[in-house]
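> This is the structure alone, sequence omitted:
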């Protein structure tokens, strides 16, 4: 999951640089559309941008900014694949993931999508450009960066990862929980039962064969097994 977070951070930094060059990006699209004699229809898909760059781009500045856009889209697609591979997610995250995968498909029609508050990229376009040519294209990356999906996936990961710890803590807590008042812990009860059983069998042996054991051996044995006498009260257990 850390690798995914790092990839997202890198993407966001790259997008900040791209965002500062939106005018350069729109200019490059204008140049390539003109070279392709394709000034009527809107630029509505990633595949269309790829075609413009591959076949109708005549200068290094236009190629650089178009390539930056395509690389960001490619990295977003890879990020979706990583998230899908790392964790199956739930109904919410899977739905977001499918939407993201659809958005970055090269053939997907982006002409109707628009980034809204807090994104203001569309406002940097002229009215004609925003409505008819590039509104969907410049809206793609800001609404695509899957911060919400990543956060929910992260929570899901943490929940899955913490389950064994919670189970372990529950077991430890149960083991360390104090016994009810007047009742010794389970481990002490088992030890006491073993000592009593051993004491009884040894006392029986002393009764049957008194010549093998010195006088008072039984009393000494009981004192050793039972511990020193304690007065009744809160220290009795």
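Happy to help now that I have it. What you see is a predicted model, and the numbers here were worked out from it, not measured in a lab.

> low pLDDT regions in this protein?
Counting by pLDDT under 70, the chain has low-confidence residues at 1, 87-89, 145-237.

> Give me the domain ranges for it.
As assigned by automatic domain parsing, the chain contains the domains 2-162, 186-226.

> hey, where'd the helices end up in this protein?
2-19, 22-35, 46-56, 60-86, 91-103, 127-128, 135-144, 147-176, 186-208, 217-226 (DSSP state H).

> so the fourth one versus helix 22-35, what angle?
Read that as helix 60-86. Helix 60-86 runs at 110 degrees relative to helix 22-35, counting by axes from the mean of the first three to the mean of the last three Cα atoms, to 10 degrees.

> In space, what's closest to residue 59 - neighbours in sequence excluded?
residue 31 (7.5 Å; Cβ to Cβ, 6 or more residues apart in numbering). C-beta: built from backbone N, CA, C; applies to glycine.

> ok, now residue 7?
Closest to residue 7 by Cβ to Cβ, 6+ apart is residue 79, at 5.5 Å.

> so that neighbour sits right up against residue 3, yeah?
No: applying Cβ atoms under 8 Å as the test, residue 79 and residue 3 come out as separate, 10.1 Å apart.

> need the contact list for residue 143.
Residues in contact with residue 143 (Cβ atoms under 8 Å, 6 or more residues apart in numbering) are 103, 113, 115, 119.

> Test my guess that the third one contacts residue 137.
No: the pair residue 115 and residue 137 does not pass the contact test of Cβ under 8 Å, sitting 10.5 Å apart.

> Which of these two has more residues huddled nearby?
Neighbour count, other Cβ atoms under 10 Å: between residue 115 and residue 137, residue 137 has more, with 24 against 19.

> my read: the residue nearest to residue 59 touches residue 62, true?
Yes: assessed by Cβ under 8 Å, residue 31 is found in contact with residue 62 at 5.4 Å.

> For residue 97, give its distance to residue 112.
Noted for residue 97: a distance of 21 Å to residue 112, by Cβ to Cβ, to the nearest Å.

> Skipping adjacent residues, who's closest to residue 66 in space?
residue 53 (4.2 Å).

> Tell me how many other residues surround the one you found.
Neighbour tally, residue 53, other Cβ under 10 Å: 20.

> Kindly report the same for residue 85.
The burial count for residue 85: 9, using other Cβ under 10 Å.

> residues contacting the nearest residue to residue 58 once chain neighbours are set aside?
Nearest in space to residue 58, with sequence neighbours left out and distances taken as Cβ to Cβ, 6+ apart, is residue 35 at 6.5 Å. If you count contacts by Cβ under 8 Å, 6+ apart, residue 35 has them with 52, 56-58.

> ok, 10 Å please
52, 55-58, 62 (Cβ atoms under 10 Å, 6 or more residues apart in numbering).

> between those residues, which is nearest residue 144?
residue 52 (20.0 Å; Cβ to Cβ).

> gap between residue 134 and residue 96?
Taking Cβ to Cβ, one finds residue 134 at 25 Å from residue 96.

> Repeat that for residue 107.
21 Å.

> Neighbour count: these two, which is higher?
For residue 107 versus residue 96, the count of surrounding residues by other Cβ under 10 Å is larger for residue 96: 19 against 8.

> Just confirm the more buried one contacts residue 83, I think it does.
Yes: at 9.4 Å, residue 96 counts as touching residue 83 under the criterion of Cβ atoms under 10 Å.

> Return the members of the contacts of residue 35 classed as buried.
Buried residues within these, counting neighbours by 16 or more other Cβ atoms under 10 Å: 52, 56-57, 62.

> Fine by me, we can end here.
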